[in-house]
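A.B. asks: Mind folding the following:
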Amino acid sequence: MAHRTRRGGRAARTGDGPRRRRLSMRLLLPVLVLAALMAMLMLRGYVHSEILADHRVRSEAAADKVPQKILDGGPVIDTRGGRTTTLKVRDHRLVLTFDDGPDPVWTPKVLDVLKKHHAHAVFFVTGTMTSRYPDLVRRMVAEGHEVGLHTFNHPDLSFQSRKRIDWELSQNQLAITGAAGIRTSLFRPPYSSFADAMDNRSWPVTRYIGTRGYITVVTSVDSEDWRRPGVGQITRNATPKGGKGAIVLMHDSGGDRHQTVQALDRLLPQLKADGYAFDNLTEALDAPSAHTPVTGVGLWKGKAWIFLVQASDEITGVLVVGLAVIGSLVIARFGLMFVLSGVHARRVRRRGFRWGPPVTEPVSVLVPAYNEAKCIENTVRSLMASEHPIEILVIDDGSADGTARLVESMGLPEVRVIRQLNAGKPAALNRGLANARHDIIVMMDGDTVFEPSTVRELVQPFGDRRVGAVAGNAKVGNRDTLIGAWQHIEYVMGFNLDRRMYDVLRCMPTIPGAVGAFRRTALERVGGMSDDTLAEDTDITMAMHRDGWRVVYAEKARAWTEAPESVQQLWSQRYRWSYGTMQAIWKHRRALVERGPSGRFGRVGLPLVSLFMVLAPLLAPLIDIFLLYGLIFGPTGKTVAAWFGVLAIQAVCAGYSFALDRESPAPLISLPLQQILYRQLMYVVLLQSWITALTGGRLRWQKLRRKGGVSAPPAAAPAPRGEVLDGRPVR
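C.D. replies: Next comes the predicted model:
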């Protein structure tokens, strides 16, 4: 059973000094998951040429340092081992080459045409496209075509350092190895054309490429298909003159290539009729194959690379779908809150509105307390100022700080103290319920203060006999710090606006522990407070719905609670809330298939709670992940505009919620900062809760350290310390 436990002050010591605290896996895993997502996005950005891409292209330069035999030679340039030679293709041999692929649309069509006419070709593939579409490179090799390097990201190598050139070659080769299990010795520089176009900037690169073991292949006939001049013109451009051999430049990627495919289907039979053979390069040169099989570690490195790239694309695709889902959920939630909260406000604020006959009967107020000595006096005195007749039961749950003695020393009428061994908040509330005298039960936390009218406003909905529980309006009392202000925004916008919406939909998921009221009969029918989950307030509320009771929201029943003032305390509180909510949803999952009121809540309430309180917050980090990705890698303008658009929607809803609660909008100045900092903390907390749930971990109740910073409702002075009156506490 998960329950509150006392915690020791200092870490245990050993003979060698203080024991090192081990990093919890539930803390480490969220960080690792987020880091892995960012790594996958970075990999995808690199493979899609969004990262480290260089699109600069040099203009023509002088060629006085290029050997004349290169300028006058053939399109195959061999500078390996210090050689400076060129080769030409023999007459009536045609080497068709295709650059920039493979493309998922056009490369298969080109391969189909080549297969149809029993022709071979050379595909100079980029590493980015090979990594994304390895099956096409595998098909090229399987059907007898040759592949060559065209760099990884297609930069102009004359701009690049030797280190970058080596990287472009090795990454391109790695992708080809992973796709087809081979290495290739063929290379074509991006933006290259004819041998006589070699200049003083490209020639040093060509020489260096030779030292790395590659043969550089340029072209002798340019089809100019990239201009899309028409099928007939492409066919004429690709036809050699006088039966000469040629290396023909074409493209199977980089845009719409339907003209290329049609021209190829026309060119092959025409030239075959003229006696041409369509070979790959080494066949045309009567040379050994350019392909070398790769085995062992090299092959597994290539396969691992392809796997990671494919995984990054798949994960990114899932993230994009998730982003669309969270975008839809955010807009749907804000739209529902905006409309339905207005409906709720108009309904309860209209002139003459009444829940039913006025409720004037006395009520029992239960105050479970565990080490609340700093707060409990303020809590009890605020109750003593109540405008509604009440009895007060302070249930001391094994406090070690004198909480019970402090309440007893106040000697206030209608205040009873009940002591028990530490057993947890649900047990304390059930003990209080057993000792309560009245039929309406108000529950509050030991760090909360009520306004004089709070109890009266909170119990009025019980004039409607269908109402079994009422949620009050919990507010942050210590909002003078930045964390407090952010929680104030969250309470007003995220909690109270939500409660108005859920009230109208009749599926409110949570009666806040700080301020809620119940019919005794309703509590007894569902078995009282349960310790099955860490969110007993959510658990009991769902049980009320399933039992057929209405659960409503009383906006005027304001309670002021002390919110956590440190990140660690906030983390502990929200971690427990998130995990407890998941437990409650799981506990009441059978409502999805049941009939009657339980089925209605199961098919309306549970999906809404799961979508808006669990799934949406879990997916919400995608907004910020893609924001960061877009800011770094672009498109920056559209990314910033989209983020500010979401922020604007939130600001409108926040302003509306503050107006409904009649709160000053001044704290909303910090809303952008809240979205950047505070929200990230809530993301990690929820992710940690998910991991805890999925791994079967057990989360123990953790007591928050209070400072007693909320002594009275705003604009109300603290009550004077009263004299000790008669009245014996119940022990």
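A.B. asks: only C-alpha atoms for contact and neighbour calcs from this point on.
C.D. replies: Will do.
A.B. asks: List the strands paired with the strand of greatest length in the chain, with their directions.
C.D. replies: Ranked by residue count under DSSP state E, the longest strand found in the chain is strand 550-561. Applying DSSP bridges, strand 550-561 is found paired with strand 448-450 (antiparallel), strand 467-476 (parallel).
A.B. asks: quick one, which of those is nearest to residue 220?
C.D. replies: strand 467-476 (77.2 Å; Cα to Cα).
A.B. asks: list the buried ones in the helix or strand following the closest one?
C.D. replies: Per DSSP states H and E, the first helix or strand lying C-terminal to strand 467-476 is helix 482-489. Neighbour-count burial for helix 482-489 flags 483, 484, 485, 486, 487, 488, 489 (criterion: 16 or more other Cα atoms under 10 Å).
A.B. asks: In this structure the last one contacts residue 654, no?
C.D. replies: Looking back up the chat, that one is residue 489. Yes - with contact defined as Cα atoms under 8 Å, residue 489 counts as touching residue 654 (7.5 Å).
A.B. asks: Mutual contacts of those two, please.
C.D. replies: Residues touching both residue 489 and residue 654 (Cα atoms under 8 Å, 6 or more residues apart in numbering): residue 668.
A.B. asks: Turn the strands paired with strand 550-561 into CSV, columns for mean neighbour count.
C.D. replies: CSV is the format used below for those (neighbours: other Cα atoms under 10 Å):
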stretch, mean neighbour count
strand 448-450, 30
strand 467-476, 26
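A.B. asks: Quick one: the ones you listed as TSV, columns for distance to residue 411 and mean pLDDT too.
C.D. replies: Formatted as TSV, these follow (distance: least, Cα to Cα, whole Å; pLDDT from 0 to 100):
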stretch	distance to residue 411	mean pLDDT
strand 448-450	19	94
strand 467-476	28	94
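A.B. asks: Tell me which of these sits nearest to residue 176.
C.D. replies: Short answer: strand 467-476, nearest of those by Cα to Cα, at 60.3 Å.
A.B. asks: nearest to residue 166, of the strands paired with strand 550-561?
C.D. replies: Nearest to residue 166, of the strands paired with strand 550-561 and by Cα to Cα, is strand 467-476 at 60.0 Å.
A.B. asks: okay, the angle between that closest one and helix 482-489?
C.D. replies: Taking axes from the mean of the first three to the mean of the last three Cα atoms, to 10 degrees, one finds strand 467-476 and helix 482-489 inclined to each other by 150 degrees.
A.B. asks: on that earlier part again, and whichever helix or strand comes after the longest strand of the chain, what's buried?
C.D. replies: Counting by DSSP H and E, the next helix or strand C-terminal to strand 550-561 is helix 567-587. Along helix 567-587, these residues count as buried under the neighbour rule (16+ other Cα under 10 Å): 569-585.
A.B. asks: burial measure for the spatially closest residue to residue 481 that is not a sequence neighbour, as a count.
C.D. replies: Sequence neighbours aside, residue 565 is the residue nearest to residue 481 in space, at 7.7 Å (criterion: Cα to Cα, 6 or more residues apart in numbering). A count of neighbours around residue 565, defined by other Cα atoms under 10 Å, yields 20.
A.B. asks: what about residue 565, distance to residue 571?
C.D. replies: Distance, residue 565 to residue 571, using Cα to Cα, to the nearest Å: 11 Å.
A.B. asks: just to revisit the earlier point, surely the residue nearest to residue 481 touches residue 484?
C.D. replies: Yes - between residue 565 and residue 484 there is a contact under Cα under 8 Å: 6.6 Å.
A.B. asks: which residues touch residue 207?
C.D. replies: 79, 80.
A.B. asks: Report the next helix or strand after whichever strand or helix holds it in sequence order.
C.D. replies: Assessed by DSSP H and E, residue 207 sits inside helix 202-211. Per DSSP H and E, the first helix or strand lying C-terminal to helix 202-211 is strand 215-217.
A.B. asks: and whichever helix or strand comes after that next one, which strands flank it?
C.D. replies: Where DSSP H and E defines the elements, the next helix or strand beyond strand 215-217 is strand 221-222. Applying DSSP bridges to the sheet, strand 221-222 is found paired with strand 246-251 (parallel).
A.B. asks: what's the distance between the partner strand and the middle of its chain?
C.D. replies: Distance of strand 246-251 from the chain centroid (Cα atoms, centre = their mean, to the nearest Å) equals 46 Å.
A.B. asks: pLDDT on the host helix or strand of residue 299, on average?
C.D. replies: Taking DSSP H and E as the definition, residue 299 sits inside helix 296-349. Helix 296-349 shows a mean pLDDT of 87.
A.B. asks: and the angle from it to strand 550-561?
C.D. replies: Using the same axes, to 10 degrees: helix 296-349 against strand 550-561 is 100 degrees.
A.B. asks: Show me what helix 296-349 is packed against.
C.D. replies: helix 25-47, helix 127-132, helix 162-180, helix 497-505, helix 616-619, helix 621-633, helix 636-660 (3 or more Cα pairs under 8 Å, 6 or more residues apart in numbering; DSSP states H and E).
A.B. asks: Mean neighbour count, the ones you listed: which tops it?
C.D. replies: Mean neighbour count (mean count of other Cα atoms under 10 Å) peaks for helix 127-132 among the helices and strands packed on helix 296-349, with a mean of 26.
A.B. asks: Tell me which two of the buried residues of helix 482-489 sit farthest apart.
C.D. replies: 483 and 489 (10.0 Å).
A.B. asks: quick revisit: neighbouring contacts of the longest strand of the chain?
C.D. replies: Against strand 550-561 from outside (Cα under 8 Å, 6+ apart): 447-451, 453-458, 461, 466-478, 499-500, 503, 506-508, 514-515, 541, 544-545, 661, 710, 712-713.
A.B. asks: Off-centre distance for it?
C.D. replies: On Cα atoms, centre = their mean, the centre of strand 550-561 falls 33 Å from that of its chain.
A.B. asks: Quick one: work out the angle between it and helix 497-505.
C.D. replies: With the same axes, to 10 degrees defining the directions, strand 550-561 sits at 160 degrees from helix 497-505.
A.B. asks: quick one: strand 550-561 to helix 636-660, angle?
C.D. replies: Our comparison of strand 550-561 with helix 636-660, counting by the same axes, to 10 degrees, yields an angle of 90 degrees.
A.B. asks: how deep is residue 314 tucked in, by neighbour count?
C.D. replies: 14.
A.B. asks: do you know how far it is from residue 390?
C.D. replies: Distance from residue 314 to residue 390, by Cα to Cα: 61 Å.
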